[in-house]
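Engineer: Got a sequence here, can you model it:
(one chain, ligands or ions: 2)
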Amino acid sequence: TTVTRRLDYAPPAFWIDTVDLTFDLDPTKTRVLNKMTLRRNPDLAPQALRLDGDELNLARVLVNGQGTSFRMEGEQLVLESLPEGHEPFELEIFTTCNPEKNTKLMGLFLSGGAFFTQCEAEGFRRITYFIDRPDVMASYTVTLRADKAKYPVLLSNGNLVDEGELDGGRHFAKWQDPHKKPSYLFALVAGQLVAREQRIVSRSGKEHLLQVYVRPGDLDQTEHAMNSLIHSVLWDEARFGLPLDLERFMIVATSDFNAGAMENKGLNIFNTKYVLAKASTATDADFDAVESVIGHEYFHNWTGNRVTCRDWFQLSLKEGLTVFRDQEFSMDLASTPSARAVKRIENVIGLRSAQFPEDGGPMAHPVRPDEYLEIGNFYTSTVYEKGSEVVRMYQTLVGRDGFREGMDLYFQRHDGQAVTCDDFAQAMADANPASDLARLLPQFKRWYSQSGTPVVKAEGTYDPAARTYTLKLSQSCPPTPGQPVKEPFVIPVRLGLVAEDGRDLPLRLEQGSFAQVQGDPDGSRTYVLSDQQATLTFLDVDSEPVPSLMRGFSAPVKLDCNYTFEQLMRLLAKDSDPFNRWEAAQLLGLRTAIDAMSTPTAGETAAPARPLSEAYIAALRGVLRHPELDAAFKALVLSLPDDDYIAEQMSEVDPQRIHAVREAMKAQLVTDLRDDWEWAYDHYKDTGAYQPDPVSTGRRSLAGLALSALCQSAQATNEAIWPGKAYQRFKDAGNMTDRQNALNALLESGHELAARALERYYELFHTEALALDKWFALQVLAPDRGGNILPIVQKLIKHPDFSLRTPNRARSVLSTYCHRNLAGFHRRDGAGYNFWADRVIELDKLNPQVASRLARAMDQWARLAEPYRQAARTAIERVAAKTDLSNDVREVITRTLA
Ligand code: DPP
Ligand code: ZN
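Structural biologist: Ligands and ions are numbered 1, 2, ... in the order given. All right, here's what the predicted structure looks like:
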């Protein structure tokens, strides 16, 4: 239990050149023979060899074939008496481990009777003793031996070089990885699996075999994954000139997995959730997620695998960059500008709902953290999603072509190496020497070192006589744990000035200049705010404009601009930037919620009856009925900011009041637009044969929103037609998206038909794990009515199909409840917090990684109003009082209480 610090980095005392592993796979006692060649790091004074281990049984250690002395220091195996000098020597280590007992799902574990591994970040040490850090890169040869009937398929990284029969019904397979790799990219799989296969020829004329392995019976759900993989290969070649460097690329799905997926070299292991998709059980969102996670892991093959991280503090080097790449991939596939904007908006919603709260809470950390107790806790939305925004800002500052040149230089310099975020930044700057990035590089790198979400404040004044518009910009960043004071960031502010008729006015600066980058759309320019304050004076402005700022969300900041209601209405109706059109609707919604929150009402959970203004309603009607806007975009604009995003704006959070206010807003939105929702439902409800393309996905999304609105407005007036129609649609739906939306409409409106639909859903899908996860989650996501959600949750965890051991299933109830149902979780009686504490303690014994994610549900406790705050503290302290917590949970709980 020691803290690891970034500045303590020292190179390893030994290098490992080759690793030859032999596995005798057995569920309760797997034998591992690890034969390595090592040599001393010639740059360092002679030191002992320290090998990491975790829950291993050590049988034997040989050096150059001879027994040797060794000792244990905690879980480390320490060897002092090794050959002197710098010649390579051979080290053989025999260990055993017990995959069946491995409920942590790190290292070698069983899922549905098959063997899988997960080694990132520090799981390889649970398989064998090793210098388990990413800057030790070796060539791997792996021999797998197992019972042939039970484990007919034996896979590891690289190429299959030999296979054959053994005595006693056993067989073997030998794999060789042509690329050196860090231990966290090792993988093996053994079990009864079948594969969808596809041979492709890349641009350079090389042939590759692509395989997607699943359980027998799931093959009909792999077509979308295979297509996504093919698109990924083609895209990385076309956009970044990065080819597939393997003869064979395999994806294997498992239903027991802590994370989404893992980019092991040539053998990606995936949570089934991000591989399996068929129309009858997967929603449009699932299809999208499969595409982006397949892309993400595939793109790691270069950004992560060919060039990897020197140490785990550099995690965002590969994750931020690879999220950026998967987002660009999805946007490029989306093809129309409007569909691109929808993807961008969805990504920003994700950032705001997870990363902004993280950056404002007790777990706030820089994109490149400075210390950790357990690295598993730093696979966060800050490292991933904010990290991706940081990479996007490079592209904004140097342009798309400049970014490509930076990537080329990065690979030219660092292919085959384990490097740092500084190396990436330097390559980007060196490839673009005339850019603002190069000029401001040390300051730009504060994005890696300073935590917290910066705030950009903007104030504009128009001078009609001089025909000038003056925009004052300033930046600040609130204190975060360990960082009381912040230095200014480099913030690309993409902006436009919107005239009354929606035209973008000319952008001529009196002095100073915009960034010289290609890629700004017409009417937009990018100003690089690097000082604390800047004043921009625009010339020849012939009418009073509304500033449209941070277009496309050009930096991961909060914008504080004192817009009038009328200004926001102009942006919503007319801004040429679709992101900011949507943003204006969000701001109007937020403002309404905040105003309503401060309006005194009778009773704590009462809310003003009609919080939305007529003009705002009319504007939303205009969007809903707009003849040209895409359905997907309409659905985003018509969705009110959710409870959590409203909570994020408040200095003191009263969850029940927030929920009541939002429900009041929603009630008005559904009744005032009732006829418009009916029109929208009729107009968008039919999408023909199922295709998960952006256009039909958007139509289904808007039709679903409309149906939900209609059921809710019907509930208010006690009218039965729409719930009946929703139930019928639920029954007849030809795809899971329509079916789930119809069920959700019933659940959201609280109609009694919801119970019948849930029963029927269970009958239809109880043998389909992923569909059953949704069945659990949907019930937990329903709006809380007088505290009814917690009893539902308590019943669900006793359901025979519930299990804490399967992370997807555990999360479908527990994370959904504690993270995603604000009012259901934050009860005035504190019962939600007690439930949370019990589950964290229980889960920690089985799977610390999943437990510590659940522990994060209390991040925001200190901002809660009473009586929530005190009840929350009591529950957190109860967990903290446990003496046998994992490091994972201990670190989160300690920081939460700090
Ligand atoms: N598997 C996780 C990811 O792809 C961690 N590398 O992001
Ligand atoms: Zn990743």
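Engineer: what's the domain layout of this structure?
Structural biologist: Split into domains by automatic domain parsing, the chain comes to 1-190, 766-898.
Engineer: Identify the residue of the stretch 551-700 of the chain closest to ligand 1, quick one.
Structural biologist: Pro556 (18.7 Å; CB to the nearest ligand atom). All C-beta spots, glycine's among them, are computed from the backbone N, C-alpha and C.
Engineer: Could you verify my assumption that that residue touches Val391?
Structural biologist: No. Contact criterion CB atoms under 8 Å: Pro556 and Val391 do not qualify, at 11.0 Å.
Engineer: And whichever strand or helix holds Ser139, how far out from the chain middle?
Structural biologist: Using DSSP states H and E, Ser139 falls within strand 137-147. On the basis of CA atoms, centre = their mean, to the nearest Å, strand 137-147 sits 31 Å off its chain's mean C-alpha point.
Engineer: packing partners for that strand?
Structural biologist: When contacts are defined as 3 or more CB pairs under 8 Å, 6 or more residues apart in numbering; DSSP states H and E, strand 137-147 packs onto strand 14-24, strand 153-156, strand 170-176, strand 181-182, strand 188-191.
Engineer: which one of these lies closest to ligand 2?
Structural biologist: Nearest to ligand 2, of all the helices and strands packed on strand 137-147, is strand 181-182, at 14.2 Å by CB to the ion.
Engineer: elements contacting the closest one?
Structural biologist: Against strand 181-182 (3+ CB pairs under 8 Å, 6+ apart) you get strand 137-147.
Engineer: one more time with 6 Å, if that's ok
Structural biologist: Based on contacts counted as 3 or more CB pairs under 6 Å, 6 or more residues apart in numbering; DSSP states H and E, there is no element that strand 181-182 packs against.
Engineer: Note down every partner strand of that strand and its orientation.
Structural biologist: strand 137-147 (antiparallel) (DSSP bridges).
Engineer: quick one: contacts of stretch 244-257?
Structural biologist: 111, 116, 159, 189, 208-214, 233, 266-272, 275, 769, 806 (CB atoms under 6 Å, 6 or more residues apart in numbering).
Engineer: Alongside ligand 2, which residues does the stretch 51-200 of the chain contribute?
Structural biologist: Within the stretch 51-200 of the chain, not a single residue sits near ligand 2 (CB under 5 Å from the ion).
Engineer: buried residues in the strand holding Ser139?
Structural biologist: 137-146 (16 or more other CB atoms under 10 Å).
Engineer: Which elements pack onto the top helix by length along the chain?
Structural biologist: Longest helix of the chain, by residue count under DSSP state H: helix 387-414. Packing partners of helix 387-414 (3+ CB pairs under 6 Å, 6+ apart): helix 315-334, helix 421-431, helix 436-439, strand 491-498.
Engineer: helices or strands next to the last one in the packing?
Structural biologist: Under the contact definition 3+ CB pairs under 6 Å, 6+ apart, strand 491-498 sits against helix 387-414, strand 525-529, strand 546-548.
Engineer: immediately after the helix or strand hosting Gly589, which helix or strand?
Structural biologist: Using DSSP H and E, Gly589 maps to helix 578-598. On the C-terminal side of helix 578-598, the nearest following helix or strand under DSSP H and E is helix 614-624.
Engineer: Can you list the buried residues in that following helix?
Structural biologist: Per 16+ other CB under 10 Å, helix 614-624 contains these buried residues: 616-617, 619-621, 623-624.
Engineer: now, which of those residues sits nearest Arg869?
Structural biologist: Tyr616 (32.8 Å; CB to CB).
Engineer: distance between the strand or helix carrying Leu471 and the chain's centre?
Structural biologist: Here Leu471 sits within strand 468-476, counting by DSSP H and E. Mean-position distance between strand 468-476 and its chain equals 33 Å (CA atoms, centre = their mean).
Engineer: and what of stretch 649-664?
Structural biologist: Distance, centroid of stretch 649-664 to centroid of chain: 26 Å (CA atoms, centre = their mean).
Engineer: Could you give the average pLDDT over that stretch?
Structural biologist: Across stretch 649-664, the average pLDDT comes to 96.
Engineer: CA atoms only for that stretch - export them in PDB, please.
Structural biologist: Taking Å, rounded to 0.1, in the frame of the first residue of the first chain, the C-alpha atoms of stretch 649-664 are listed here in PDB:
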ATOM      1  CA  GLN A 649     -24.400  24.000 -12.100                       C
ATOM      2  CA  MET A 650     -25.400  24.300  -8.400                       C
ATOM      3  CA  SER A 651     -23.100  25.300  -5.600                       C
ATOM      4  CA  GLU A 652     -25.400  23.400  -3.200                       C
ATOM      5  CA  VAL A 653     -27.200  20.400  -4.600                       C
ATOM      6  CA  ASP A 654     -30.700  19.500  -3.500                       C
ATOM      7  CA  PRO A 655     -31.400  16.400  -5.500                       C
ATOM      8  CA  GLN A 656     -35.100  16.000  -4.800                       C
ATOM      9  CA  ARG A 657     -35.700  19.700  -5.700                       C
ATOM     10  CA  ILE A 658     -33.800  19.400  -8.900                       C
ATOM     11  CA  HIS A 659     -35.700  16.400  -9.900                       C
ATOM     12  CA  ALA A 660     -39.000  18.000  -9.100                       C
ATOM     13  CA  VAL A 661     -38.100  21.100 -11.100                       C
ATOM     14  CA  ARG A 662     -37.000  19.000 -14.100                       C
ATOM     15  CA  GLU A 663     -40.100  16.900 -13.900                       C
ATOM     16  CA  ALA A 664     -42.200  20.100 -13.900                       C
END
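Engineer: Can you check the distance spanned by stretch 309-319, start to finish?
Structural biologist: 10 Å (CA to CA, to the nearest Å).
Engineer: which residues are in contact with that stretch?
Structural biologist: Contacts for stretch 309-319 (CB under 6 Å, 6+ apart): 6, 9, 121, 134-135, 303-304, 367-369, 375, 383-384, 387, 418-421, 424.
Engineer: Filter the residues you listed down to just the buried residues.
Structural biologist: Of the contacts of stretch 309-319, these count as buried by 16+ other CB under 10 Å: 6, 121, 134-135, 303-304, 367-369, 375, 383-384, 387, 418-421, 424.
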